[in-house]
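*Asks:* Have a look at this prediction, sequence included:
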Amino acid sequence: MVHYLRKGIGERVPIVEPSEAPSNVFSKEPIPMTGPINLATILRKEGYDAFVFKEGLVGREMSDEELVKCNVLLLSLMTSTYERGVEYAIRYRRLRAEAGLESRVIAGGIHPSMMPEEAAAVFDQVVIGEAETIIADILEGEKKGRIIKGERHDDLDSVVPIPNFELVEGWENMHIFPVMTSRGCPYECNFCSVTEMFGRKYRFHSPERVMQELKNLEKLFKEHESTSFFRRHFYRDRILLADDNFTANLVRANDILDRMIASGYNRKLLCQARAEIAKHPELVAKMQRAGIDVVCVGCESINPQTLEHMNKRQTVEDIIRAAEVFHDNGLQMLGMFILGSDDDTKDVFKMTSDFCHKHKIPFVQYSILTPLPGTSFYKDMEKQGRLLHKKGDHKKWDYYDGMHAVFQPKNMTAVELQEGMMECYNNFYSFGNFVREVGKYVAQSARALFTGNSPSFHPAKYQLVGAHIKRKWLQLNQEYLNYLANEPKANTPFGESLV
């Protein structure tokens with residue numbers, strides 16, 4: 001990056017991550033995205049008073065008093081938070097104008113990157129893609145375009161700083177800290193926008209850099225835990241390896257895990273990986289020894305035709321093998337399933353529920369197939385006229401969160417898709433299942449007195465959490481269910497205030 005004598009020294013610059021709409025109650029774990037933390041870290045080094053404000057973490061929106069003091073407002077937006085970002089921009093401009101001050105709003109993130117023209121009609125500037133090497137120049141005025149595209153760099157170590165989590169407002173409330181060690185994905189799943197955002201080439205941080213970031217976080221944890229009795233004895237901070245596929249490069253993954261084991265690293269971690277990693281049981285065993293205890297796997301579907309048309313490049317047998325290998329190695333699998341493809345019929349809901357129980361998958365996440373901008377699936381649904389609640393160029397983006405049916409399915413109605421997804425949650429998360437999981441935990445704890453293998457209480461805990469969340473979702477979404485029950489056609493708006 002070219003460094004200039006910055007004119008904005010001391011300028012207050014928040015990077016805001018708005019919350020999703022209250023109707024989405026399945027996304028309440030307050031984990032900030034890594035991109036905003038990287039940018040805040042860079043801007044602090046450039047002299048700006050930059051910080052990250054994640055509404056879900058702080059538990060509130062920025063007040064008028066806080067907002068009017070900001071010289072520039074940066075917004076990091078997903079599709080489901082885009083409209084709330086628009087509201088922020090409108091309120092910020094009004095407050096600054098009433099105070100006789102200039103305003104400037106810059107938007108980035110996955111949704112503005114996929115829909116730059118739409119965003120450019122609302123915000124002063126729109127940043128497409130990765131912004132680490134250009135954000136300071138944008139604030140300085142060296143890059144003046146309405147739409148500015150960031151560059152993808154192969155050497156992540158040289159352009160991405162070690163993030164300073166203390167720049168996140170309310171970071172003390174975090175229990176899971178994200179560490180991103182790679183970008184990009186060579187796969188072309190038709191529902192995913194990762195390749196459009198980060199490219200099809202895997203780009204990695206070096207193992208040395210990954211270890212340095214983990215060590216820096218460990219210093220923060222120890223200082224933090226020393227002041228908290230709760231954290232010392234009951235709930236230790238955890239790491240989320242936030243890569244879309246942590247084990248994409250097997251040699252590199254082995255190197256990082258070996259370094260963690262050799263260093264005596266004892267922090268619990270979560271990671272994301274493809275089901276195919278189960279073909280390498282020795283690596284799975286090493287993951288467990290390094291401290292990884294939960295693996296999030298994009299299973300997507302148990303319908304072979306759906307997997308093929310999604311271009312997932314995996315089989316149902318791969319998913320079954322993954323469940324078995326992770327279980328055999330003491331790892332808990334979070335199976336993530338997507339419902340509602342054109343190859344799915346109403347039978348898919350019971351079949352998926354039965355599959356998860358049969359193969360003893362401890363955690364599940366069910367989502368409705370969602371046509372996210374930037375994906376080939378979105379382009380297909382738009383071309384076929386199957387998107388719901390659209391009027392003119394306006395869509396109700398709040399509902400593009402994976403928890404709401406926003407297109408017309410082929411082999412069922414939209415309300416049948418919505419209710420089928422909720423029925424899957426009903427079959428998996430319940431008080432009865434919580435009692436059964438507690439029983440398993442007690443029995444395993446008794447055996448641990450002789451084996452030394454301490455069981456995890458997470459499956460039981462998440463039965464209660466899941467049961468509560470699904471009840472809350474139904475309470476908050478009755479109006480939406482009524483809307484779908486009327487079998488809306490494409491372009492039918494949901495609610496007068498939403499168009």
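*Replies:* Arrived safely. Predicted, not measured: the structure shown is a model, and the values here were computed from it. Numbering: from 1, shown residues only.
*Asks:* which helix is the longest one in this structure?
*Replies:* The longest helix of the chain (DSSP state H) is helix 431-451.
*Asks:* Check which helices and strands the one helix or strand Y92 maps to sits against.
*Replies:* Assigned by DSSP states H and E, Y92 belongs to helix 82-98. Contacts defined by 3 or more C-beta pairs under 8 Å, 6 or more residues apart in numbering; DSSP states H and E place helix 82-98 against helix 64-68, strand 73-76, strand 105-108. All C-beta atoms are positioned from the backbone trio N, CA, C, and that covers glycine.
*Asks:* If you count neighbours, what's buried in the first one?
*Replies:* By 16 or more other C-beta atoms under 10 Å, the buried positions in helix 64-68 come out as 67-68.
*Asks:* contacting residues around that helix?
*Replies:* When contacts are defined by C-beta atoms under 8 Å, 6 or more residues apart in numbering, helix 64-68 is touched by residues 14, 73, 88, 91-92, 95-96, 99, 101.
*Asks:* one more time with 7 Å, if that's ok
*Replies:* Contact with helix 64-68 is made by 91-92, 95-96, 99, as judged by C-beta atoms under 7 Å, 6 or more residues apart in numbering.
*Asks:* Just say helix, strand or coil for N254.
*Replies:* Under DSSP: H, G, I helix; E, B strand; the rest coil, N254 falls in the helix class.
*Asks:* list the contacts for it?
*Replies:* By C-beta under 7 Å, 6+ apart, the neighbours of N254 are 283, 286.
*Asks:* any idea how far R183 is from it?
*Replies:* Look at N254 and R183: by C-beta to C-beta, to the nearest Å, they are 20 Å apart.
*Asks:* Rebuild the helices and strands packed on helix 82-98 as TSV, extending it with mean pLDDT.
*Replies:* Listed next are the helices and strands packed on helix 82-98 as TSV, based on pLDDT from 0 to 100:
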stretch	mean pLDDT
helix 64-68	97
strand 73-76	98
strand 105-108	98
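*Asks:* right, and these - which one's nearest G129?
*Replies:* strand 105-108 (8.4 Å; C-beta to C-beta).
*Asks:* Send me the closest one as CSV with only the CA atoms.
*Replies:* Extracted C-alpha coordinates of strand 105-108, given in CSV (Å, rounded to 0.1, in the frame of the first residue of the first chain):
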residue,chain,number,x,y,z
VAL,A,105,-21.3,6.9,3.8
ILE,A,106,-19.2,4.1,2.3
ALA,A,107,-20.7,0.6,1.9
GLY,A,108,-18.9,-2.7,1.4
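*Asks:* what's in contact with that strand?
*Replies:* For strand 105-108, using C-beta under 7 Å, 6+ apart, the contacting residues are 72-77, 85, 89, 92, 119, 123-127, 131, 138.
*Asks:* who touches F457 in this structure?
*Replies:* So F457 contacts Y441 (C-beta under 7 Å, 6+ apart).
*Asks:* Report the buried residues of the helix holding Y92.
*Replies:* 82-86, 88-89, 91-93, 95-96.
*Asks:* Need the residues that contact it.
*Replies:* The contact list for helix 82-98 (C-beta under 7 Å, 6+ apart) reads 16, 18-19, 64, 67-68, 73, 75, 77, 102-103, 105, 107, 111, 122-123, 397-398.
*Asks:* what's the distance between it and the middle of its chain?
*Replies:* 25 Å (C-alpha atoms, centre = their mean, to the nearest Å).
*Asks:* give me the low-pLDDT residue ranges for the stretch 1-150 of the chain?
*Replies:* Filtered on pLDDT under 70, the stretch 1-150 of the chain yields the residue ranges 1-9, 25-29.
*Asks:* Stretch 41-50 spans what distance, first to last residue?
*Replies:* 8 Å (C-alpha to C-alpha, to the nearest Å).
*Asks:* My error: substitute stretch 159-174 in the last question.
*Replies:* From start residue to end residue, stretch 159-174 stretches across 26 Å - C-alpha to C-alpha.
*Asks:* Using PDB, list the CA coordinates for stretch 193-200.
*Replies:* C-alpha atoms of stretch 193-200 as PDB (Å, rounded to 0.1, in the frame of the first residue of the first chain):
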ATOM      1  CA  SER A 193     -21.400 -16.400  -3.700                       C
ATOM      2  CA  VAL A 194     -18.000 -17.100  -2.100                       C
ATOM      3  CA  THR A 195     -16.200 -17.600  -5.500                       C
ATOM      4  CA  GLU A 196     -17.700 -14.400  -6.900                       C
ATOM      5  CA  MET A 197     -16.500 -12.500  -3.800                       C
ATOM      6  CA  PHE A 198     -13.100 -14.100  -3.200                       C
ATOM      7  CA  GLY A 199     -12.300 -15.900  -6.500                       C
ATOM      8  CA  ARG A 200     -11.800 -19.600  -7.400                       C
END
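*Asks:* Show me what it is in contact with.
*Replies:* Here stretch 193-200 has contacts from 110, 113-114, 129, 152, 183-186, 188, 244, 372, 374-375, using C-beta under 7 Å, 6+ apart.
*Asks:* what do you get if the cut-off is 10 Å, keeping everything else the same?
*Replies:* Stretch 193-200 is contacted from outside by 79, 109-111, 113-114, 128-130, 152, 154, 182-189, 201, 244-245, 372-378, using C-beta atoms under 10 Å, 6 or more residues apart in numbering.
*Asks:* Now do the helices in the stretch 1-150 of the chain.
*Replies:* 34-45, 55-58, 64-68, 82-98, 110-114, 116-120, 135-140 (DSSP state H, counting those that start in this stretch).
*Asks:* re earlier: buried subset of the contacts of strand 105-108, written for PyMOL?
*Replies:* Applying 16+ other C-beta under 10 Å to the contacts of strand 105-108, the buried members can be selected in PyMOL as follows:
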select buried, resi 72+73+74+75+76+77+85+89+92+119+123+125+126+127+131+138
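*Asks:* which residue is nearest the middle of the chain?
*Replies:* M33 (7.5 Å; C-alpha atoms, centre = their mean).
*Asks:* that's a helix at D380, yeah?
*Replies:* Yes. D380 sits within a helix when classified using three-state DSSP.
*Asks:* mind checking how far it is from N190?
*Replies:* For D380, the distance to N190 equals 8 Å [C-beta to C-beta].
*Asks:* Which one of these two is surrounded by more residues?
*Replies:* Higher neighbour count among D380 and N190: N190, with 17 against 14, using other C-beta atoms under 10 Å.
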